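In: Please find the sequence and the predicted model below.
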Amino acid sequence: MARKILMCGNEACGEGAVLAGCRLYAGYPITPQNELTAYMSKRMSETGRIFIQAESELAAINMVFGAAAAGARAMTSSSSPGISLKQEGISYIAACELPAVIVNVQRGGPGLGNIAPAQSDYFQSVKGGGHGDYRLIVLAPASVQDMLDYTFHAFDLADKYRNPVLILADGLLGQMMEPLDLKSTVHSPQSIEKPWALTGCAGRKANFIRSLILTDAELEAHNIKLQAKYAVIKENETRAETYNMKNAEIVIVAYGSMARIGKAVVERCRAKGLKVGLIRPVTLWPFPDKIIREAAETAKKFLVVEMSAGQMVEDVMLSVLGNAEVHFYGRMGGMIPSEEEITAKVEAIA
Amino acid sequence: MTKKNVKAPVKKEQAVENQTALVFSRPKSLRDVEMHFCAGCGHGIAHRLVCECIDEFGIREKTIGVAPVGCAVVAYDYWDFDVTEAAHGRTPAVATGIKRIHPECVVFTYQGDGDLAAIGTAEIIHAANRGENITVIFVNNGVYGMTGGQMAPTTLAGQKTTTSMAGRSLRRDGYPIKILEMLAVLPGVKYLERVSVHSAHEIMRAKRAIKKAFKTQIDGKGFSMVEVLSMCPTYWGMSPLKACERIRSDVTPFYPIGIVKTY
């Protein structure tokens, strides 16, 4: 039996990065992700890699830009207000097609908000966040184990598509401690050649990395190329978990922490004789619209549950294309919807 | 020429060869393309000096440049070595990431006064304070050139720009900023020099300073930076010659040429 260790989600995320061969981590203190920065400070030094406590979130994301441009695996992490500061850098990383991993351990907003768990950065994560037409691959872990596994996988995805990958967690996942299997799904990190990287031009033509493309036709061509890449990612990488969907008449759609509570709600409702199932998007972008659309062929009621005013619910509506009722239940400001509240909502729409 | 050289015996064949010797050529690190800079702009000179120094150290194949947002944004069109762009002002942070991954490479940023002394103030101060072993070429022409001649943090008192039409008011706009003098107090900073490119004599001095700055990095000493006072005839509203004269008469009295810190 594999040895299990007890870790919080933030630390598990850091260990996932270390196992994936992350060579540079740059971060800045912000709650509730501080355990991740502290963990990286220790582990990156132990493993002879680079840890930098940057002067700002802007500097941290741009150190990651530099390391990624230099061909190394690199990561930064933060929580909501800090992620807002990183948006400029994220847009540049996406535009320059650099592989990088960004972790957002979400907290309540807007503004400085608070340090309690929230899911109110969904729009920012999947609809743009920074300027320009770009996409991030957005992974939504729902357990401490996921924090490790998804972060590990994120580096492979980033390298494969030369695209930034965002881990969208929340304060609950970051702070919560659970037993962790370090060998569960972890294989050797993939090694991908990076002939485009800046390494000094010995024996080859000089490389350059840029996002300034002044000619309109050229910039459009660059955008078309990016969009084609995003289409391939959508085709290959869309992931969702389904739970108790057999004969489900009501479908709860929830991600991250809310999906865990959602599963408990499914059990409660099934015990009461209600045919309830759950779809948990694992990738928030690309969004698993096809799986939801197919579910809407039989299930006629959907309940989207989020720790927000209702953000992902818009994508669920776009997915069902009017073929089912879409209801919403959410709490804001760091309040976490309880099993009882959600169950009552299911009963109300049943 | 030293006395010894003058007296050195010269063979006949050598003398003939010397008559056609190549004494001036384009540095290998500088691409043979037309530059987009305005007439009389100092960037072309600064670009060339950087390339001459890289060639003379023989480090073209291990140099990585970081270009700013500003007039020098398309430096990769002119430099024939690895170059990346950086977001406005984040240049030293990007250089930090690169240098930490490739400590064996020579990594430098090339930044204007808007990029370095306004929007990127935090990044330059903290890269310097960490003693990052990088070199910074800071081109100060006292104006935002790329966006059309707005007031820069380095704009002189009374200087007219599109955002200080009546001249920079110290009361309203604050004082022109002396970055080198600010950075000099930081222990991680090893070499700082201010130079100019307004005359042949100053250009030679500028080259020596840039070379010393690269040497500082090559020797692993720590942070080095050269501020290059440069002409912007277009947004100073004067001829290239008058712009050169203005550096001597107006700019250098406030931004004195010389070594600010050395080791």
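Out: Done, it's in. Residues are numbered from 1 along each chain as shown, chains lettered A, B, ... in the order given.
In: Please make it C-alpha for all contacts and neighbour counts, starting now.
Out: Fine.
In: after the helix or strand encompassing B:A93 comes which helix or strand?
Out: Per DSSP states H and E, B:A93 falls inside helix B:91-101. Next along the chain after helix B:91-101, taking DSSP H and E as the criterion, comes strand B:106-112.
In: Report whether the helix holding B:A93 contacts chain A.
Out: Yes - applying Cα under 8 Å from any Cα of the partner chain, one finds helix B:91-101 in contact with chain A at B:A93, B:V94, B:A95, B:T96, B:G97, B:I98, B:R100, B:I101.
In: Give me the nearest residue to the fourth one, chain neighbours excluded.
Out: With sequence-adjacent residues excluded and distances taken as Cα to Cα, 6 or more residues apart in numbering or on different chains, B:T96 is closest to A:M63, at 6.1 Å.
In: Which helix or strand contains that neighbour?
Out: In this assignment (DSSP H and E), A:M63 forms part of helix A:57-69.
In: Downstream of that helix, the next helix or strand is which one?
Out: Next along from helix A:57-69, by DSSP H and E: strand A:74-78.
In: Tell me where the stretch 1-150 of chain A is predicted with low confidence.
Out: Low-confidence segments of the stretch 1-150 of chain A, defined by pLDDT under 70: A:1-2.
In: can you list the residues of it near chain B?
Out: Proximity of the stretch 1-150 of chain A to chain B, by Cα under 8 Å from any Cα, involves residues A:23-24, A:50, A:55, A:58-60, A:62-70, A:72, A:88-89, A:92.
In: what's A:F328 in contact with, if anything?
Out: Neighbouring residues of A:F328 by Cα atoms under 8 Å, 6 or more residues apart in numbering or on different chains: A:L303, A:V304, A:V305, A:G310, A:V313.
In: Can you say which two of those are spatially most distant?
Out: Greatest spacing in these, by Cα to Cα: A:L303 and A:G310 (11.2 Å).
In: Now for these two: what residues contact both?
Out: A:F328, A:Y329.
In: so what's the backbone phi/psi at B:T161?
Out: B:T161 adopts backbone torsions of phi -140, psi 180, taken as degrees, to the nearest 10.
In: tally of neighbours for it?
Out: Applying other Cα atoms under 10 Å in any protein chain shown, we find 22 residues neighbouring B:T161.
In: And for B:L22?
Out: 8.
In: And for B:C41?
Out: Residues within reach of B:C41, counting by other Cα under 10 Å, total 21.
In: of all the residues in the stretch 101-250 of chain B, which ones are close to chain A?
Out: Checking the stretch 101-250 of chain B against chain A by Cα under 8 Å from any Cα, the hits are B:I101, B:H102, B:C105, B:A122, B:E123, B:H126.
In: residues contacting residue 83?
Out: Reading this off chain A. Residues counted as contacts of A:I83 (Cα under 8 Å, 6+ apart) are A:E57, A:S77, A:N104.
In: not quite, I wanted chain B
Out: A:L198, A:A206, A:N207, A:F208, A:I209, B:I64, B:G65, B:V66, B:A67, B:A75, B:Y76.
In: Ok, A:G130 next?
Out: A:G130 makes contact with A:Q87, A:E88, A:I90, A:S91, A:Q124 under the criterion Cα under 8 Å, 6+ apart.
In: can you check A:A74 too?
Out: A:C22, A:R23, A:L24, A:Y25, A:V64, A:A67, A:A68, A:A100, A:V101.
In: wait, doesn't the second one sit right on A:R49?
Out: Yes - with the criterion set as Cα atoms under 8 Å, A:R23 and A:R49 qualify as a contacting pair; they are 5.3 Å apart.
In: okay, those two: which has more neighbours?
Out: Using other Cα under 10 Å as the criterion, A:R23 and A:R49 rank with A:R23 on top: 22 against 18.
In: what's the lengthiest helix in chain A in contact with?
Out: The residue-count maximum for a helix in chain A (DSSP state H) belongs to helix A:216-237. Applying Cα under 8 Å, 6+ apart, the contact partners of helix A:216-237 are A:D133, A:Y134, A:R135, A:Y161, A:I213, A:T283, A:W285, A:P286, A:F287.
In: Nice, that's everything, thank you.
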